[in-house]
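# Quick check, what structure comes out for this input:
(chains A and B)
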Amino acid sequence: GNSVTQMEGPVTLSEEAFLTINCTYTATGYPSLFWYVQYPGEGLQLLLKATKADDKGSNKGFEATYRKETTSFHLEKGSVQVSDSAVYFCAPLDSGGSYIPTFGRGTSLIVHP
Amino acid sequence: DVKVTQSSRYLVKRTGEKVFLECVQDMDHENMFWYRQDPGLGLRLIYFSYDVKMKEKGDIPEGYSVSREKKERFSLILESASTNQTSMYLCASRSGTVATNEKLFFGSGTQLSVL
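Next comes the predicted model:
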């Protein structure tokens, strides 16, 4: 099955700083890769996804590139805002196997004005 | 927009009680999931269902059961609640067949406290 390792948080940044949240995974097959975000008091929602090697997912200024050679899917944003404060989950999905996503432990991001 | 509704935002129960957590989705999704979310552990899959009357165990099914009598409703049952089941419970749904890489839609969660 899949496993996923995310950097531990919390990550604390000032507004307009550059953000990287690392994610690496192990997979028996060729997974699809997802980032979900959980804002305070809410459930998770999809932030972006990529389904094949070298694909770049992007949304709301966030980007992540599917790196098959390093089995990584790092999340980046050039200039964070206070409203980006949330918990971010990397989630590889075992395509060709169970098709059940595996969630990382989540990385809490706190952005100060 | 897809809506996944969990019946209670907060729930307080006593040890040994039978607890029902309800989840309803309004987009005719085939797949439904129950996760629990604990600090430092992320999301762990309890049970999932690919279709009506179907259910599969996830990673931590012990102490839980589920029911899916109608397509839109997926219930999680704690047969005899224990304090170690105090947690945030998240329901999710997804369109498509068994083999799909579509995204999950989540409810807002039920924070269950077992005293």
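# C-alpha only now, for contacts and for neighbours.
Fine.
# now for the helix or strand bottoming out on mean pLDDT in chain A, which elements pack on it?
When the helices and strands of chain A are scored by mean pLDDT, DSSP states H and E, strand A:3-6 comes last with a mean of 91. Where contact means 3 or more Cα pairs under 8 Å, 6 or more residues apart in numbering or on different chains; DSSP states H and E, strand A:3-6 is packed against strand A:23-26, strand A:86-93.
# That strand pairs with which strands, parallel or anti?
Strand pairing for strand A:3-6, using DSSP bridges, gives strand A:23-26 (antiparallel).
# related to what we said a few turns ago, deepest-packed of the helices and strands packed on strand A:3-6, please.
Among these, strand A:86-93 has the highest mean neighbour count (mean count of other Cα atoms under 10 Å in any protein chain shown), at a mean of 27.
# what's next to that strand, contact-wise?
Applying Cα atoms under 8 Å, 6 or more residues apart in numbering or on different chains, the external contacts of strand A:86-93 come out as A:2-4, A:6, A:23, A:25, A:31-40, A:73, A:99-110, B:101.
# can you do 7 Å?
A:23, A:31-40, A:99-110 (Cα atoms under 7 Å, 6 or more residues apart in numbering or on different chains).
# again, but for stretch B:60-70
Applying Cα under 7 Å, 6+ apart, the contact partners of stretch B:60-70 are B:Leu45, B:Ile46, B:Tyr47, B:Val52, B:Lys53, B:Met54, B:Phe74, B:Ser75, B:Leu76, B:Ile77, B:Leu78, B:Glu79.
# Max pairwise distance over those residues: which two?
Comparing every pair within the contacts of stretch B:60-70 by Cα to Cα identifies B:Val52 and B:Glu79 as the most remote, at 21.2 Å.
# Please say which of the two ends up with more neighbours.
B:Val52 (17 against 14; other Cα atoms under 10 Å in any protein chain shown).
# so which helix or strand takes in that one?
For B:Val52, there is no host helix or strand (DSSP states H and E).
# how much space between it and chain A?
Counting by Cα to the nearest Cα, to the nearest Å, the separation of B:Val52 from chain A is 18 Å.
# do B:Lys18 as well
Applying Cα to the nearest Cα to B:Lys18 and chain A gives a distance of 25 Å.
# In terms of helices and strands, where is the residue positioned nearest the centre of chain B?
Most central in chain B under Cα atoms, centre = their mean is B:Trp34, positioned 2.7 Å from the mean C-alpha point. Element membership for B:Trp34 (DSSP H and E) is strand B:31-38.
# so what secondary structure elements neighbour that strand?
strand B:42-49, strand B:87-94 (3 or more Cα pairs under 7 Å, 6 or more residues apart in numbering or on different chains; DSSP states H and E).
# and the helices and strands packed on strand A:3-6 as JSON lines, adding mean pLDDT?
Shown next, in JSON lines, are those (pLDDT from 0 to 100):
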{"stretch": "strand A:23-26", "mean pLDDT": "94"}
{"stretch": "strand A:86-93", "mean pLDDT": "94"}
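# No further queries at this time; thank you.
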